[in-house]
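A.B. asks: Sequence and predicted structure are below.
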Amino acid sequence: MKNKAFTLPELLAVIVILGLLVTIAGVNIANVMNTSKRQTNEMILKNAEDAALTYALNSMFIPNDCAVNDTINDSNVSSITSSCKKTVTIDDLIKGGYFKDDANKLKKDGSVVVYKIKVSKKTTPECSSSTSIDCYNIQTQAFASSSILK
């Protein structure tokens with residue numbers, strides 16, 4: 001009668017294969033978790049920006065002649081003069097009912113910058129050679145730096 005048990009090399013081969021599968025799965029799971037965390041943080045910042053825009057449109061005034069040419073980011077936010085940008089704290093947004101930080105991911109004293117930007121030049125004949133601010137389509141935007149994340 002033959003012995004129906006696995007041999008040691010067969011068992012070792014199975015253990016090595018399972019170990020490789022667990023390693024590959026672990027790396028993929030870690031990548032998915034990191035991507036998910038990054039996307040969640042981006043979404044939270046975008047929601048804070050949207051809340052700041054709503055807040056600003058209801059209670060702040062930024063003159064059109066303050067409009068900048070480029071979108072604001074961490075490297076150029078300081079280039080906007082203080083009279084042309086408004087800031088609102090996360091705490092103010094929460095207290096005003098504009099934002100909920102249920103995940104508690106943002107610093108309460110973190111600020112969102114609200115500013116105006118020239119999005120395009122109007123195509124009317126009088127604007128073809130003019131640099132007047134009235135010849136631009138102006139949009140209010142907000143910028144929340146990742147530094148306000150906890």
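C.D. replies: That came in fine, so what should we check first?
A.B. asks: Backbone torsions only: list them for the residue nearest to the spatial centre of the chain.
C.D. replies: The residue lying closest to the centre of the chain (Cα atoms, centre = their mean) is Glu42, at 3.3 Å. The phi/psi pair for Glu42 (degrees, to the nearest 10) reads phi -60, psi -40.
A.B. asks: again, but for Thr7
C.D. replies: Dihedral angles of Thr7 (phi, psi; degrees, to the nearest 10) stand at phi -80, psi 160.
A.B. asks: Please name the residues that touch it.
C.D. replies: By Cβ atoms under 8 Å, 6 or more residues apart in numbering, no residues touch Thr7. Every C-beta, even on glycine, is put in place using the N, C-alpha and C of the backbone.
A.B. asks: tell me what the strand of greatest length in the chain is packed against?
C.D. replies: When the chain is parsed with DSSP state E, its longest strand is strand 111-121. Contacts defined by 3 or more Cβ pairs under 8 Å, 6 or more residues apart in numbering; DSSP states H and E place strand 111-121 against helix 8-59, strand 86-89, helix 90-95, strand 136-144.
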